[in-house]
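Peer 1: mind folding the following:
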Amino acid sequence: MSTAYPDKPVYIIDDETFILQSLSAVLRSDGINNIETISDSRKLIARIMEQQPSLVLLDLTMPHRSGESLLPEIKEIYPDLPVLIITGINELSTAVECMKNGAADYLVKAIENSKLLSAVRTALSIDELKNENRLLKKSLLASDEGIDESFNAIITEDPAMISIFRYLAVISRSKQTVLLRGETGTGKELFAEAVHKASGRSGEFVSINAAGLDDTMFSDTLFGHKKGAYSGADLTRPGLIEKAAGGTLFLDEIGDLSAASQIKLLRLLEKSEYYSLGSDTLKRASCRIIAATNSNLEEKMKDGSFRKDLYFRLASHEIFLPPIRQRRDDIPLLVYHFTKKAAAELGISTPEISSGFIESLYRKELPGNVREIISIINREVGSCGGRMTAAAGEEETAISAEGDSSLLFPEDLPDLKSWSNILVDEALRRAGGNISTAAGFLGISQPALSKRLAKRKLEL
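Peer 2: Okay, here's the model as predicted:
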């Protein structure tokens, strides 16, 4: 089942059946398949009020009601609805009058298909961006709304990360490209998969890592090849673009693309067209493209190793994913989640996690971010003997005493209330004053610790 594009239909209004059919065919050839044709101009206004379209292609000269009379009425009801005039009247005065009345463009019916498609694509892109802006404003105003469940696989309570979830959820249904930027291990592919899930696209999520691919390998992997295209090409093989039809194509490490591959990718983004290797048959791409990189693209553009025009095509929506050092409060959540997961995979009981283990991760720089934390946990779970004390290279911070105790007790024991305050103070010290992290050390919820601290403050 192919994905309907755009989400809201394109209305074509003309009294000539041949024109309706030919315009529809041109749009469908470019992947614009959500089309409704109307031959009786008297029905247009009622239809718009039933189902608001994304775009109207309007003829001027029609029986019953002319396009010239319909245009101002349409713009009065829906000022933001783009209307393209497509007419046989090639008169400057008529064109000027239509533009004054709010037409997005004025095209004569003898226009080349490429120019028609360019005008339609431009109008649809503007409409999409307007819709995204409206949804983003709504999302910001309704910040207490739940997060799209498509992002559940990403473990975080960080406000900046939650904001990214909300932004990506809003733009997920757009066909605009997304560029995810961030250090290694920040979860770029995980975010791309979440956007694909939130988009509701019927096609697959297909991933390709561009690092290490020369131009021939990149072209063959992406575009596929025809039988006999080169030595060893014994069978025709479709590319990943075709596999991702109606879905999402994720291009990782695009900062490493060769100059020749960059040109081919740019052409794909500009035209949504490509040729398989060894074939002269033009194919159309119907997938949404999400790209990612950990490269400094600004430096690469400066030294000429990455094309500026390609960057602007890729970065319709550009997202910077924060490294773990900017969201250290997520470390306890990540540790608990991935420790449990690692133990389940090994078929063993989840080991006890000491505060010293989490504190040792706080002290590490973690240049590999979440991926490095997972690697540390996987090593520790299988060899910790049931208790994770400190990450590799770190010493346990608890004070050892004789026997099984990890604390040294004074001769005169304090009462329970005093011990409780001492324990809370130590947890806050180790957490650097962060209440959420301290609560994790103590094995209680953040609200419970906040309530305890507020009560203690009142008793002072």
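Peer 1: what helices or strands is the worst-scoring helix or strand of the chain on mean pLDDT leaning on?
Peer 2: The weakest-scoring helix or strand in the chain, judged by mean pLDDT, DSSP states H and E, is helix 435-442 (a mean of 75). Secondary-structure packing of helix 435-442 (3 or more CB pairs under 8 Å, 6 or more residues apart in numbering; DSSP states H and E): helix 331-346, helix 355-363, helix 416-430, helix 446-459. From N, CA and C alone the C-beta is placed, and that goes for glycine too.
Peer 1: residues of the longest helix along the chain that come out buried?
Peer 2: Taking DSSP state H as the criterion, the chain has its longest helix at helix 113-141. By 16 or more other CB atoms under 10 Å, the buried positions in helix 113-141 come out as 116-117, 119-121, 123-125, 127-128, 131-132, 135, 139.
Peer 1: tell me the helix or strand right after that helix.
Peer 2: helix 159-171 (DSSP states H and E).
Peer 1: check which helices and strands that next one sits against.
Peer 2: Partner elements for helix 159-171 (3+ CB pairs under 8 Å, 6+ apart): helix 113-141, helix 188-199, strand 317-320.
Peer 1: ok, which of the ones you listed comes nearest S355?
Peer 2: Proximity to S355 (CB to CB) singles out helix 188-199 among the helices and strands packed on helix 159-171, at 27.9 Å.
Peer 1: in the protein, which residue is most central in space?
Peer 2: V195 (4.2 Å; CA atoms, centre = their mean).
Peer 1: for the nearest residue to E128 once chain neighbours are set aside, which three-state class applies?
Peer 2: Nearest non-adjacent residue to E128, counting by CB to CB, 6 or more residues apart in numbering: S174, 5.2 Å away. Here S174 is coil, with the state taken from DSSP: H, G, I helix; E, B strand; the rest coil.
Peer 1: so who does S174 touch?
Peer 2: The contact partners of S174, by CB atoms under 8 Å, 6 or more residues apart in numbering, come to 128, 132, 288, 317.
Peer 1: quick check: next helix or strand after whichever strand or helix holds V56?
Peer 2: Per DSSP H and E: V56 is located in strand 55-58. Using DSSP H and E, the helix or strand that directly follows strand 55-58 along the chain is helix 67-77.
Peer 1: the following helix or strand past that next one - what's its average pLDDT?
Peer 2: Using DSSP H and E, the helix or strand that follows helix 67-77 towards the C-terminus is strand 83-87. Mean pLDDT, strand 83-87: 94.
Peer 1: partners of strand 83-87, with directions?
Peer 2: As defined by DSSP bridges, the strand partners of strand 83-87 come to strand 55-58 (parallel), strand 105-108 (parallel).
Peer 1: out of those, which comes closest to L190?
Peer 2: Across the strands paired with strand 83-87, closest to L190 is strand 55-58 (CB to CB), at 34.4 Å.
Peer 1: returning to what we had before: widest-spaced pair of the contacts of S174?
Peer 2: Maximum pairwise distance in these, criterion CB to CB, is 13.9 Å, between E132 and R288.
Peer 1: spell out the secondary structure type for G185.
Peer 2: On the three-state scheme (three-state DSSP), G185 is labelled coil.
Peer 1: how far away is it from L266?
Peer 2: Here G185 is placed at a distance of 29 Å from L266 (CB to CB, to the nearest Å).
Peer 1: out of these two, which sits in the busier spot?
Peer 2: Using other CB atoms under 10 Å, the more surrounded residue of G185 and L266 is G185, with 20 against 17.
Peer 1: how close does the more buried one sit to K457?
Peer 2: Counting by CB to CB - G185 and K457 are separated by 39 Å.
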